[in-house]
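**Student:** coords please:
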Amino acid sequence: MKTPLETYGFQPFFAEQALQHTGYEVGRVILEHKHLYRILGENGEWLGELSGKSRYEATRREDYPAVGDWVWMTPLPGEQRVIIHDIMKRKSKFSRRAAGSTVEEQIVATNIDRVFLVMALNLDFNVRRLERYLLLAYESGAAPEIVLTKKDLCDDIAARYVEVEAIAPGVPIYTVNSLEDDGIESILSTLKPGETIALLGSSGAGKSTLLNSLYGEQKQKTGAARDGDDRGKHTTTHRELIVLPCGSLMIDTPGMRELQLWDSSESMHTAFQDIDELAASCRFGDCGHHGEPGCAIQQALEAGTLDDARWNSFLKLQKELAYTERKADAGAARAEKERWKKIHKQLRGSGNR
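**Tutor:** I've put the predicted structure just below:
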């Protein structure tokens, strides 16, 4: 018996693309191994690998499948394996800069409708880190929502809530204690069949425990936070897409030790809308906000209506994005050069036959 692709989040956006290659089957990547992929399709679960042509033509990380991707594939006769021929255009993509000194994109999840930014209300609570997550969530094209976990470990939930609300105006905020299912119903009531949600947060934030609570059973392994600093241990070691009993799909992700920004974009205006509006009120359009007369930013800092830490965070993120953009442009130029070398080599080879 076939399973409707809609069960796995097959929306009209992808159905229109599927018509382009009617000779192939369609599936969704739910787990990524090294050069191998677990895929769900109408006829069950498959183990897939890229075709030689796709692998040869891939020059960037985004050319390879990621968890959440829809792909065109061909089953191998008599095996539960498929060959992946191409990736459908992505509806959304959550990326960060890969950890380390190189400037390379790491795709965390694709084709997501909502992003749950998970942060614990214990000693690891950090509004500045949450600003980074919000910026990347806005950039992804998915709708961000904030889930504050471990409310039982917080003495002043209301104060924390106000802090978060100040940096995320209009963003839904939930406070939960997943171990006791406290606050879980407020999230469950918003879930819809066929929508995809990514869980993102640092180690020990409570992502896997939250997923277990939403699922209704122990679906993901969990671990206690370390003594002394409340920082968590890595319990989720890979990204995986899971279908909840309610019909929603959830992508659990490993905790991120580093959260470096990947792409410079208009999302800064969304994440820091308050600063953007203040800057528009400056007397001079080219105000550098360093002491010019009529600077609305400096006036707000002096009056205390703009938090010093938020302003410094904004400046830091701007510098980081500018640096990443410069490095990424250089990397893109190298990748394009490498791509043309491959093409010329291929043309020379065909000319010698």
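**Student:** CA atoms for contacts and neighbours, from now on please.
**Tutor:** Noted.
**Student:** residue ranges with poor pLDDT in the stretch 101-250 of the chain?
**Tutor:** For the stretch 101-250 of the chain, residues meeting the criterion pLDDT under 70 lie at 101-104, 217-238.
**Student:** Phe284 sits in which helix or strand?
**Tutor:** Applying DSSP states H and E as the criterion places Phe284 outside every helix and strand.
**Student:** for Thr305, give its distance to Ala280.
**Tutor:** From Thr305 across to Ala280, the span is 16 Å (C-alpha to C-alpha, to the nearest Å).
**Student:** compare these two (neighbour count), which wins?
**Tutor:** Neighbour totals were compared for Thr305 and Ala280, and Ala280 leads with 15 against 10 (other C-alpha atoms under 10 Å).
**Student:** run through the residues that contact that one.
**Tutor:** By C-alpha atoms under 8 Å, 6 or more residues apart in numbering, Ala280 lies in contact with nothing.
**Student:** that one and Lys319: what is the separation?
**Tutor:** Distance of Ala280 to Lys319, computed by C-alpha to C-alpha: 20 Å.
**Student:** go on, Gly288?
**Tutor:** For Gly288, the distance to Lys319 - C-alpha to C-alpha - is 14 Å.
**Student:** with Glu105 instead?
**Tutor:** Glu105 sits 18 Å away from Lys319, going by C-alpha to C-alpha.
**Student:** neighbour count winner among the two?
**Tutor:** Glu105 (19 against 11).
**Student:** what helix or strand does the residue nearest the centre of the chain sit in?
**Tutor:** When C-alpha atoms, centre = their mean is applied to the chain, the residue found nearest the centroid is Phe94 (3.1 Å). Under DSSP H and E, the secondary-structure element containing Phe94 is strand 93-97.
**Student:** could you identify the helix or strand that succeeds that strand?
**Tutor:** strand 105-110.
**Student:** packing partners for that next one?
**Tutor:** Packed against strand 105-110 by the contact rule (3 or more C-alpha pairs under 8 Å, 6 or more residues apart in numbering; DSSP states H and E) you find strand 93-97.
**Student:** what's the strand it packs on packed up against?
**Tutor:** Here strand 93-97 touches strand 105-110, helix 127-140, going by 3+ C-alpha pairs under 8 Å, 6+ apart.
**Student:** between these, which one is closest to Val243.
**Tutor:** Nearest to Val243, of all these, is strand 105-110, at 15.1 Å by C-alpha to C-alpha.
**Student:** can you dump the C-alpha atoms of that closest one in CSV for me?
**Tutor:** C-alpha atoms of strand 105-110 as CSV (Å, rounded to 0.1, in the frame of the first residue of the first chain):
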residue,chain,number,x,y,z
GLU,A,105,28.1,26.9,4.0
GLN,A,106,26.6,24.2,6.3
ILE,A,107,23.0,23.5,5.5
VAL,A,108,21.2,22.6,8.7
ALA,A,109,17.7,21.9,7.3
THR,A,110,15.6,22.6,4.2
